[in-house]
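J.: After the sequence you'll find the predicted model.
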Amino acid sequence: MPLCVLVAKERVEGETRVSATPETVKGMIKAGLSVTVEAGAGEQAFVSDTQYKDAGAEILPDAKAAWAGADIILKVRAPEKHASLDEIEAPKDGAVVIGFLAPYKNDDMIRRYAAKRVSSLPMELVPRITRAQKMDALSSQANIAGYKAVLLAAANLPKYFPLFMTAAGTVKPARVVIMGAGVAGLQAIATAKRLGAVVEASDIRPETKEQIQSLGGKFIELPKSEESGSGAGGYAREVSADFLKQQQEIVGQHVAHADVVITTALVPGRPAPKLLPAWMVEKMKAGSVIVDLAVEQGGNCELSEKGKDVRKHGVLIIGHTNLPATLPADASLLYSRNVMALLSNIVKDGALNFDLTDEVTSGTLLTHDGKIVHAPTAQRLGV
């Protein structure tokens with residue numbers, strides 16, 4: 001019997017993405033796997049059960065039976081206990097679960113999956129190395145978030161983004177400040193420039209200066225310091241309170257003149273750094289817009305509210321927690337390809353093959369063979 005892969009339905013409110021498309025279903029079947037899909041799993045991403053069926057998948061209306069019979073379960077969001085299905089208890093012992101599993105906070109799931117000998121592979125832990133780029137779901141989804149953040153800002157700003165020269169006079173272009181030049185920040189820079197804005201950007205990693213400038217943005221020079229903001233895998237790391245204070249004072253001067261501020265700074269496994277304190281928001285112009293892409297992890301803006309759009313000191317602060325889900329078709333297309341690439345790394349000739357000498361497999365595994373194998377998580381949980 002071939003290994004059975006389940007494309008699970010997402011039950012978190014507002015989650016419209018799906019973990020596989022007809023394209024990747026065909027790829028899994030070609031790799032010697034059988035594929036089942038929870039009925040309605042792709043509806044919100046505009047993929048019908050009929051399309052999955054035409055690609056060779058079996059549609060299962062009974063969620064509990066679908067989960068219990070699967071050898072490999074593909075997800076977008078981390079498994080949770082829902083009224084209709086307890087996704088933490090649902091996988092059979094020894095199953096494999098792949099998705100955004102929130103390894104830094106989903107402790108109950110981690111302990112239970114270890115006890116059930118479930119092999120879990122969080123997309124968040126995929127190493128940022130050249131060979132794993134096609135598996136990098138954080139980047140594919142952050143790219144979407146950076147793009148959509150600019151569109152949201154433009155739609156809510158009470159003025160044009162580009163320069164306009166009209167018979168009634170000249171309209172100056174909007175001024176945009178991007179805080180954080182990772183994947184989301186760089187896409188936000190590129191999108192804002194395409195819309196005609198004047199763009200400035202800051203990042204604590206000095207190596208991002210060239211990237212920012214290559215997209216037409218102006219790099220905001222930060223204080224000279226021996227302290228580096230560059231962390232492992234290309235991520236930023238936490239910096240000292242003194243450095244953060246100096247950074248805020250410099251960036252604050254640019255923010256005061258901005259029409260739009262988009263914050264994107266994240267530190268893996270830590271609360272988002274507070275780059276935009278209340279005093280900085282107070283100095284912004286009335287009608288300005290802030291889009292806080294870090295709001296899910298506490299927010300870069302002190303006045304952000306998770307899942308809400310609020311107006312403080314005349315400034316609209318957008319706290320949308322899941323912008324990729326607002327573009328579910330392409331978000332699912334890219335995410336499903338990331339998942340397929342990771343799946344191909346652990347399935348050889350139709351069978352599971354966890355090669356722990358492979359840095360992608362060993363780096364991504366969270367639980368395996370009855371143990372919590374991700375060292376930082378095991379240390380945090382005291383096991």
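T.: Received the coordinates, thanks.
J.: What's the first helix or strand after whichever strand or helix holds residue 152?
T.: Per DSSP states H and E: residue 152 is located in helix 137-156. Counting by DSSP H and E, the element after helix 137-156 in chain order, helix or strand, is strand 164-166.
J.: what's next to that next one, contact-wise?
T.: Strand 164-166 is contacted by residues 170-171 when judged by C-beta atoms under 8 Å, 6 or more residues apart in numbering. C-beta here means a position set from N, CA and C on the backbone, and glycine is covered the same way.
J.: strands paired with that strand, and their directions?
T.: strand 169-171 (antiparallel) (DSSP bridges).
J.: now the stretch 51-200 of the chain, which segments are flagged as low pLDDT?
T.: Judged against pLDDT under 70, the stretch 51-200 of the chain has no low-scoring part.
J.: Which parts of it are helices?
T.: Along the stretch 51-200 of the chain, counting by DSSP state H, counting those that start in this stretch, helices occupy 63-68, 107-115, 137-156, 183-194.
J.: Can I get those helices in JSON lines including distance to residue 41 and mean neighbour count?
T.: Formatted as JSON lines, the helices of the stretch 51-200 of the chain follow (distance: least, C-beta to C-beta, whole Å; neighbours: other C-beta atoms under 10 Å):
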{"stretch": "helix 63-68", "distance to residue 41": "10", "mean neighbour count": "18"}
{"stretch": "helix 107-115", "distance to residue 41": "20", "mean neighbour count": "19"}
{"stretch": "helix 137-156", "distance to residue 41": "18", "mean neighbour count": "22"}
{"stretch": "helix 183-194", "distance to residue 41": "27", "mean neighbour count": "25"}
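J.: I'd like the ones you listed as JSON lines, with distance to residue 162 appended.
T.: Below are the helices of the stretch 51-200 of the chain laid out as JSON lines (distance: least, C-beta to C-beta, whole Å):
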{"stretch": "helix 63-68", "distance to residue 162": "49"}
{"stretch": "helix 107-115", "distance to residue 162": "47"}
{"stretch": "helix 137-156", "distance to residue 162": "10"}
{"stretch": "helix 183-194", "distance to residue 162": "10"}
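J.: any residues touching the helix holding residue 152, and which ones?
T.: Here helix 137-156 has contacts from 100, 123-124, 126, 133, 161, 174, 176, 182-188, 191-192, 195, 260, 262, 264, 289, 291, 293, 316, 318, 320, 323-324, 326-327, 330-331, 334-335, 337-339, using C-beta under 8 Å, 6+ apart.
J.: could I have it exported to CSV, CA atoms only?
T.: What follows is helix 137-156, C-alpha atoms only, in CSV (Å, rounded to 0.1, in the frame of the first residue of the first chain):
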residue,chain,number,x,y,z
ALA,A,137,7.7,29.0,3.0
LEU,A,138,8.5,31.9,5.4
SER,A,139,10.0,33.8,2.5
SER,A,140,7.3,33.0,0.0
GLN,A,141,4.6,34.1,2.4
ALA,A,142,6.5,37.2,3.7
ASN,A,143,6.9,38.3,0.1
ILE,A,144,3.1,38.3,-0.3
ALA,A,145,2.7,40.2,3.1
GLY,A,146,5.1,42.9,2.0
TYR,A,147,3.3,43.4,-1.3
LYS,A,148,-0.2,43.5,0.3
ALA,A,149,0.9,45.8,3.1
VAL,A,150,1.8,48.6,0.6
LEU,A,151,-1.6,48.1,-1.2
LEU,A,152,-3.4,48.4,2.1
ALA,A,153,-1.5,51.5,3.0
ALA,A,154,-2.2,53.1,-0.4
ALA,A,155,-5.9,52.2,-0.2
ASN,A,156,-6.2,53.9,3.2
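J.: Tell me the confidence at residue 205?
T.: We have a pLDDT of 88 for residue 205.
J.: Repeat that for the one 5 residues further on.
T.: According to the model's per-residue confidence, residue 210 sits at a pLDDT of 96.
J.: Helix or strand for it, just tell me which one.
T.: helix 208-214.
J.: Tell me which other helices or strands that helix touches.
T.: The elements that helix 208-214 packs onto, with contact taken as 3 or more C-beta pairs under 8 Å, 6 or more residues apart in numbering; DSSP states H and E, are helix 183-194, strand 218-219.
J.: Which parts of this protein belong to which domain?
T.: Here the domain assignment for the chain is 4-125+327-370, 144-326, based on automatic domain parsing.
J.: The first one spans what distance, first to last residue?
T.: According to C-alpha to C-alpha, to the nearest Å, domain 4-125+327-370 extends 21 Å from its N-terminal end residue to its C-terminal end residue.
J.: ok, now the last one?
T.: The distance separating the two terminal residues of domain 144-326, taken as C-alpha to C-alpha, comes to 9 Å.
J.: which residue packs closest to residue 274, ignoring adjacent ones?
T.: Leaving out its chain neighbours, the residue that sits closest to residue 274 by C-beta to C-beta, 6 or more residues apart in numbering is residue 302, at 5.5 Å.
J.: Tell me how many other residues crowd that neighbour.
T.: For residue 302, the tally of surrounding residues (other C-beta atoms under 10 Å) stands at 17.
J.: What does the pLDDT read for it?
T.: So residue 302 comes in at 96 (pLDDT).
J.: what's near enough to touch it?
T.: Taking C-beta under 8 Å, 6+ apart, one finds 274, 276-278, 281 in contact with residue 302.
J.: Quickly list what the closest residue to residue 157 other than its chain neighbours is bridged to.
T.: Spatially, and ignoring its direct neighbours in sequence, residue 157 is nearest to residue 289 (5.3 Å; C-beta to C-beta, 6+ apart). For residue 289, the beta-bridge partners under DSSP bridges are residue 260, residue 316.
J.: Show me what counts as buried in stretch 68-76.
T.: Neighbour counts over stretch 68-76 (16 or more other C-beta atoms under 10 Å) mark 70-76 as buried.
J.: Make TSV from the residues you listed and add distance to residue 200 to it.
T.: Listed next are the buried residues of stretch 68-76 as TSV, based on distance: C-beta to C-beta, whole Å:
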residue	distance to residue 200
70	49
71	50
72	45
73	44
74	40
75	38
76	34
